[in-house]
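Asker: 3D model of this:
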Amino acid sequence: MATASPPVQHDDPPETGGFFVGPGLFVGLISGTSADGIDAALVRFDDAGGALQCEVLHARTTPWPDDLRRRLVVLGQGGSLDSLDELGTLDTRLGEAFAEAAASLVRDAGLTAAHVRAIGSHGQTLRHRPEGARFDGRHPFTIQLGDAHVIAERTGIATVADFRRRDVAAGGHGAPLVPAFHAALLHSPDEDRAALNLGGIANFTLLPRQGDVRGFDTGPANALMDAWCERHLGQPFDADGAWASTGAPDLALLARLRSDPYFALPPPKSTGREHFHLDWLQRHLHGSERPQDVQATLLELSATTVVDALRAHQPTTRRVLACGGGVRNAGLLARIAALLPGVAVESTALHGLDPDFVEAAAFAWLARQAVMGRPGNMASVTGAAGPRVLGVVYPAS
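Answerer: Numbering: from 1, shown residues only. Take a look at the predicted model:
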């Protein structure tokens, strides 16, 4: 269980480590669909010249304790809580872990709480039902855990959290929320681009030279491959797609998986591990498949559904900028590139953004938007009734 760390001490902000520290510093925290750890990024922003400048000064990933990760994965795949007591305990325990991740990050950077304007904490998604629990559009909701009161109290830094629910209340999907950040940093007036996040779930931000930015979840990226790998190899992920490369895609199985209605839905749309999980996969298996062939099929599912979505919604794309853990899966990235001849598929690292911490940086930016009273969503992406200031600010004291 995470233990509370000493609060970050407050001092007068100095010049530190060769970069100016002051009101432009924010911390972003996120634990994504894979629930493999907390990504934390200390980020400096500046838009005094009109264009947003973003510099990740320090970043790290803190793994979840094994028992907690196992429970989060079960719950994220549709498992039920044992009791309200478990819900309350998890909320506090996750808040303590997020607080420790933020406090350690700031201390490791040689800074104090006084240097950081705010923390933006996405939390851990427990359930995401923008279409309602009965899929009838009634009573939509999204739930993220990680008590922000605990984060603010333990760190001594104002914390912004609960980013998704305002967008859902405004009729949106509450996801994806990163496209506004992508648009601010990765848009080009010279070519149609797409930012591709390959997390547990894959999502696109479509960045045309002219016109509205759009974004949506395409389906699974790493979530199913990770879960299948852990079941059969006892490893949390298939490094570089090495295991998948020892198998061959089962085309009949691939067709059954691709028949899921989600893939044919028009944007705006979002999904998660509560839909694409091992029980979902198991329903499509005959039982005689070789595990490595299933892994190869899951890689092909991720690649083909990503490419299908891009061809359907922005066929003029000339450059795909990839980020997220899937960038480390050379097999997955190579397969996407092979299916997109004439399109450059490259890491966001070539554009100044560490692919492992783009989402953490985005939630630092969303915290900045909130404390400045600026919208954080894009209605053209989520389907909300309009732009909204996202998140609730929990003061440092």
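
Asker: Could you report the separation of residue 347 from residue 208?
Answerer: From residue 347 over to residue 208 the distance is 21 Å, taken as Cβ to Cβ, to the nearest Å. All C-beta spots, glycine's among them, are computed from the backbone N, C-alpha and C.

Asker: Walk me through the domains of the protein.
Answerer: Following automatic domain parsing, one finds the domains of the chain at 15-174+385-394, 179-351.

Asker: The ones you listed into TSV, with extra columns for mean pLDDT and distance to residue 370?
Answerer: Output for the domains of the chain, formatted as TSV (pLDDT from 0 to 100; distance: least, Cβ to Cβ, whole Å):
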stretch	mean pLDDT	distance to residue 370
domain 15-174+385-394	91	4
domain 179-351	96	12
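
Asker: Distance to residue 374 and mean neighbour count added to the ones you listed, as TSV?
Answerer: Listed next are these as TSV, based on distance: least, Cβ to Cβ, whole Å; neighbours: other Cβ atoms under 10 Å:
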stretch	distance to residue 374	mean neighbour count
domain 15-174+385-394	7	20
domain 179-351	10	19
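
Asker: Include distance to residue 376 when you put the ones you listed into JSON lines, please.
Answerer: Formatted as JSON lines, the domains of the chain follow (distance: least, Cβ to Cβ, whole Å):
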{"stretch": "domain 15-174+385-394", "distance to residue 376": "4"}
{"stretch": "domain 179-351", "distance to residue 376": "6"}
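
Asker: Residue 369: which of those is closest?
Answerer: In terms of Cβ to Cβ, the element of those nearest to residue 369 is domain 15-174+385-394, at 7.1 Å.

Asker: is it true that residue 219 lies in a helix?
Answerer: No. Checked against DSSP: H, G, I helix; E, B strand; the rest coil, residue 219 lies outside a helix; its state is strand.

Asker: for the lengthiest helix in the chain, the distance to its chain's centre please.
Answerer: As assigned by DSSP state H, the longest helix anywhere in the chain is helix 84-108. Taking Cα atoms, centre = their mean, to the nearest Å, the mean C-alpha location of helix 84-108 is offset from the chain mean by 18 Å.

Asker: Next: stretch 151-163.
Answerer: With Cα atoms, centre = their mean, you get 19 Å for stretch 151-163.

Asker: what do you get for stretch 346-353?
Answerer: Distance of stretch 346-353 from the chain centroid (Cα atoms, centre = their mean) equals 17 Å.

Asker: Give me the contacts around that stretch.
Answerer: 54, 56, 185-186, 195, 319-323, 327, 354-355, 358, 361 (Cβ atoms under 8 Å, 6 or more residues apart in numbering).

Asker: From those, which land in strands?
Answerer: Among the contacts of stretch 346-353, the ones falling in strands (DSSP state E) are 54, 56, 195, 319, 320, 321, 322, 323.

Asker: Pick out whichever of those residues sits closest to residue 125.
Answerer: Closest to residue 125, out of all of the ones in strands among the contacts of stretch 346-353 and judged by Cβ to Cβ, is residue 323, at 18.5 Å.

Asker: My read is that residue 115 contacts residue 106, right?
Answerer: Yes. Using Cβ atoms under 8 Å, residue 115 is in contact with residue 106, at 7.3 Å.

Asker: quick one: common contacting residues for the two?
Answerer: Joint contacts of residue 115 and residue 106 (Cβ under 8 Å, 6+ apart) do not exist.
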